[in-house]
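Q: no FASTA, just this:
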């Protein structure tokens, strides 16, 4: 029997509108707030299963998406799925052949709705999500196009502001936001970085008179 919290408003709405999960409404709201995606964008999605975000990404960009999750995901048209753990040191080398096959040089957007298994202890869960977000950012530094965007989900805590400060220098804009489709009991926030500045560009700025 499904738990009561799965029968909430967004769960029912997702079922009615044929979305794979209630998370679809989270990305819709983020898109409304920050215009993360646009037609023609190339996207890397991390933490994709069961595919709620994937459906929204595809509907906006109308481009192939590369999606990664530690769990399996049902096939979706236009989506290349890689079952993998992003903590693997070889994850970037696993992604690149698919990028070449799809003629993707760099990604316009990296989106992560990934979250580590929760323990029920707020400090531990926050630390785990911080480390997961850090790994997403490390991957993004290799695969993101100049001017690109990154979105990560994190359980908010003492390290959240530190995380934003650590990475904001590599982007022109950053913000922390919440979405209505998150469960009321959740401390999750979404961190949006826009306008990626590559190391080459950063070096040029630092050398300017």
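A: Received the coordinates, thanks. Owing to the predicted nature of the structure, the values given are computational and were not obtained by experimental measurement.

Q: where does the protein have low pLDDT?
A: Low-confidence segments of the chain, defined by pLDDT under 70: 1-7, 184-185, 200-209.

Q: Could you point out the longest helix of it?
A: Among the segments of the chain that qualify as a helix by DSSP state H, the longest is helix 122-143.

Q: same for that helix, what does it pack against?
A: strand 43-46, helix 91-101, strand 107-112, strand 144-155, helix 160-168 (3 or more CB pairs under 8 Å, 6 or more residues apart in numbering; DSSP states H and E). For glycine as for every other residue, the C-beta is placed from the backbone atoms N, C-alpha and C.

Q: so which of those is the most packed in?
A: Counting by mean count of other CB atoms under 10 Å, strand 43-46 has the highest mean neighbour count of these, with a mean of 28.

Q: Can you name the next helix or strand after that strand?
A: Per DSSP states H and E, the first helix or strand lying C-terminal to strand 43-46 is helix 52-61.

Q: which residues are contacting that following helix?
A: Helix 52-61 is contacted from outside by 14, 19-24, 26-28, 31, 37-43, 45, 48, 65, 67, 73, 76-79, 111, 113, using CB atoms under 8 Å, 6 or more residues apart in numbering.

Q: Just the ones in helices from those, please.
A: Going by DSSP H, the helices hold 14, 23-24, 26-28, 31 from those.

Q: Pick out whichever of those residues sits closest to residue 176.
A: Among these, residue 26 lies closest to residue 176 (CB to CB), at 14.4 Å.

Q: re the thing from before, quick check: which of the helices and strands packed on helix 122-143 is nearest to residue 193?
A: Of all the helices and strands packed on helix 122-143, strand 144-155 comes closest under CB to CB, at 4.6 Å.

Q: could you give the angle of that closest one to helix 160-168?
A: When axes from the mean of the first three to the mean of the last three CA atoms, to 10 degrees is applied, the directions of strand 144-155 and helix 160-168 differ by 180 degrees.

Q: Pick out the residue nearest the middle of the chain.
A: residue 112 (1.7 Å; CA atoms, centre = their mean).

Q: Rebuild the ones in helices among the contacts of helix 52-61 as CSV, extending it with distance to residue 57 and neighbour count.
A: Output for the ones in helices among the contacts of helix 52-61, formatted as CSV (distance: CB to CB, whole Å; neighbours: other CB atoms under 10 Å):
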residue, distance to residue 57, neighbour count
14, 16, 19
23, 12, 25
24, 10, 24
26, 12, 23
27, 7, 25
28, 11, 18
31, 10, 16
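
Q: Can you tell me which of these lies closest to residue 143?
A: Distances from residue 143 to the ones in helices among the contacts of helix 52-61, taken by CB to CB, are shortest for residue 27, at 19.7 Å.

Q: so who does that closest one touch?
A: By CB under 8 Å, 6+ apart, the contact list for residue 27 reads 52-53, 56-57, 111, 113.

Q: farthest-separated two in the residues you listed?
A: So, these by CB to CB: farthest apart are 52 and 111, at 11.6 Å.

Q: rewinding a little: dump the contacts of residue 27 to CSV, plus distance to residue 166.
A: Putting the contacts of residue 27 into CSV (distance: CB to CB, whole Å) gives the following:
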residue, distance to residue 166
52, 28
53, 24
56, 28
57, 26
111, 19
113, 21
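
Q: ok, these vs residue 194, which is closest?
A: Nearest to residue 194 among the contacts of residue 27, counting by CB to CB, is residue 111 at 12.3 Å.
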